[in-house]
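Engineer: Any chance you could fold what I've pasted below:
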Amino acid sequence: MSESDTIALFAEGTFEEQVQDLVNYIVRGLSDESRTTAIKPFQELFITRSGRTPLNKDAERKKKVISMVIAETKTLGQGSEREIEGFFNLLISHVLTLFTDTSSAKGQIEPLIAVITSSASESSVIKYRILSNIFNALPRQSPIRLQVYNALFSLATSNKELDTIQVNKSTVDRWLSEWDVSPDEKGTFLKSLAIAFEQAGDATTSYSYLFSRLEVLPDGSSEAEQAAIDVIIAALRLPTVFDLNKLLKTSRLEIVKDRPLFALLRIIAQGDLKDYKQWESGNQQVLSKSGLDAAAVEKKIRFLTLATLASDYVGKEISYSKIASTIQVPESDVELWVINAVRSNLLAGKLSQLTQTFCVTRSITRAFQKPDWKLLEEKLSSWRTNLIGVLEVVESARKSAQPAPTGPPVHGDLAKEAPAST
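Structural biologist: Just a heads-up that it's a prediction; the model follows:
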């Protein structure tokens, strides 16, 4: 959410004059009799009787007046969008000036949020602007910001207008680091974001918020276990998420380490198709209860098994028959599986229908373990030996190309013809 320009349409004049403008806006459209009745309680509060503190210096009386204005604010009012925005800007300004502690300010702002979000309006733009103005007027650390943004986000979600508020992960992370709210409140907020983006068809962004939710919830939270299960299911379901080791290494998953889904996550991250088949034989109900498509999960492990095979053949060729037997598909389907794996950025290379081989030029490494370090050491050692050999050949060729000397060099005056002897 960008910092909006706030418009204080009624900002000039004394406190009493500003309140009068606010009240006049509220009663606009009422009959003369109803207007008189509505204004009377405010007029009585404006009167400073003998021995009392003037209104401009009486903080408690000011609070009472503003509370009464809020209590009488039932709708957005009958005015232009500019007038509506100005009314709420001025009202919030007085709330934040007078109600300095969080609890009392929250008690005044909550009913205004309810009015803004529930009021009938042909356009939601004015609601977005008012809520954005309230959000930006609050101190960065204020926990009320969470409540205001929840209302704004809920409004955008119900109207299917998520793009309007331009929420992004980096901004959300910054807000969560600033807001003075509990870890459980942060977790609830992140879950609402994940659900909204899932419903909007953006499962990848939804997964990122589920992952953040897992990280912010403390171990003792009642939501911690469910958060771990939710993020595992999302990771297994997403066809574009292949690097699962970051999730697997998260200490927050310890709480579900004995659950079948955790075992499945480990297999998808580090195992192969054979391991998955063995797990699936005894856990078919786990997949259905978790809402996971067994065919989609199997497709993912086939891709990753292919990537693991390819990582052992970088710079070499793999036969179609080898690929087919490894991922358990007909040889006639090998090219399609390889092409889709390349499209998923898991590997790269060149297919040859003539030789029925796939020449691997690049492949992801799913988990860099001790054997992988050893293999890397062997490759570097081999490259070093080869480079030394190339340098020796180049040096030998350079020496061979130099012409052999024909005699001692002649310099300076020695190059001149010697005078004839007499």
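
Engineer: going forward, measure contacts between C-alpha atoms and count neighbours the same way
Structural biologist: Noted.

Engineer: Just the strands from the stretch 51-200 of the chain, written as ranges.
Structural biologist: Counting by DSSP state E, counting those that start in this stretch, one finds no strands in the stretch 51-200 of the chain.

Engineer: Show me the shaky parts of it.
Structural biologist: Counting by pLDDT under 70, the stretch 51-200 of the chain shows low-confidence ranges at 51, 122.

Engineer: and the residue nearest the centre of the chain, what does it touch?
Structural biologist: By CA atoms, centre = their mean, the chain has its centre lying nearest to residue 169, at 3.1 Å. For residue 169, the contacting residues are residue 209, by CA atoms under 8 Å, 6 or more residues apart in numbering.

Engineer: any idea how far it is from residue 223?
Structural biologist: Remark: distance between residue 169 and residue 223 (CA to CA, to the nearest Å) = 21 Å.

Engineer: and what of residue 292?
Structural biologist: Separation of residue 292 from residue 223 (CA to CA): 21 Å.

Engineer: And for residue 108?
Structural biologist: Residue 108 is 30 Å from residue 223, by CA to CA.

Engineer: Neighbour count: those two, which is higher?
Structural biologist: residue 108 (19 against 16; other CA atoms under 10 Å).

Engineer: What are the neighbouring residues in contact with the more buried one?
Structural biologist: Contacts of residue 108 by CA under 8 Å, 6+ apart are 67, 70, 95.

Engineer: go on, residue 127?
Structural biologist: 116, 117.

Engineer: Isn't residue 213 up against residue 183?
Structural biologist: No: contact criterion CA atoms under 8 Å: residue 213 and residue 183 do not qualify, at 9.1 Å.

Engineer: for the stretch 201-350 of the chain, what spans make up the strands?
Structural biologist: 317-319, 347-352.

Engineer: which residues sit against the longest one?
Structural biologist: Outside strand 347-352, the residues within contact range by CA under 8 Å, 6+ apart are 307, 310, 335, 341-342, 357-364.

Engineer: Endpoint to endpoint, stretch 73-87 covers what distance?
Structural biologist: Termini of stretch 73-87 sit 10 Å apart (CA to CA).

Engineer: Just the buried positions in it, please.
Structural biologist: By neighbour count with 16 or more other CA atoms under 10 Å, stretch 73-87 contains the buried residues 73, 74, 75, 76, 77, 81, 83, 84, 85, 86, 87.

Engineer: Next, give phi and psi for the nearest residue to the fifth one once chain neighbours are set aside.
Structural biologist: Once its chain neighbours are removed from consideration, residue 77 has its nearest residue in residue 26; the separation is 6.3 Å (CA to CA, 6 or more residues apart in numbering). Backbone torsions for residue 26, taken as degrees, to the nearest 10, come to phi -60, psi -40.

Engineer: dump the residue contacts of residue 26.
Structural biologist: Neighbours of residue 26 in contact, by CA under 8 Å, 6+ apart: 72, 73, 77.

Engineer: Just give me the closest of those residues to residue 60.
Structural biologist: Distances from residue 60 to the contacts of residue 26, taken as CA to CA, are shortest for residue 72 (18.6 Å).

Engineer: Distance of that closest one relative to residue 42?
Structural biologist: From residue 72 to residue 42 the distance is 11 Å (CA to CA).

Engineer: Among the two, which residue is more densely surrounded?
Structural biologist: More crowded of residue 72 and residue 42, by other CA under 10 Å: residue 42, with 19 against 13.

Engineer: So for the more buried one, what's the nearest residue that isn't a sequence neighbour?
Structural biologist: Closest to residue 42 by CA to CA, 6+ apart is residue 65, at 6.9 Å.

Engineer: That neighbour: how many residues sit nearby?
Structural biologist: For residue 65, using other CA under 10 Å, the count is 20.

Engineer: hang on, the earlier thing: sitting in helices, which of the buried residues of stretch 73-87 do you find?
Structural biologist: 81, 83, 84, 85, 86, 87 (DSSP state H).

Engineer: The third one contacts residue 76, correct?
Structural biologist: Yes: at 6.4 Å, residue 84 and residue 76 qualify as touching, with contact defined as CA under 8 Å.

Engineer: and stretch 25-42, which residues are buried?
Structural biologist: 25, 26, 27, 35, 38, 42.

Engineer: List the ones among the residues you listed that fall in helices.
Structural biologist: 25, 26, 35, 38, 42.

Engineer: Pretty sure residue 167 is one of the things residue 156 touches, is it not?
Structural biologist: No: at 10.6 Å, residue 156 and residue 167 do not qualify as touching, with contact defined as CA under 8 Å.

Engineer: From the neighbour counts alone, determine which of these two ranks first.
Structural biologist: Remark: of residue 156 and residue 167, residue 156 carries more neighbours, 20 against 14, as counted by other CA under 10 Å.

Engineer: Skipping adjacent residues, who's closest to the more buried one in space?
Structural biologist: residue 162 (5.2 Å).

Engineer: This completes my enquiry, with thanks.
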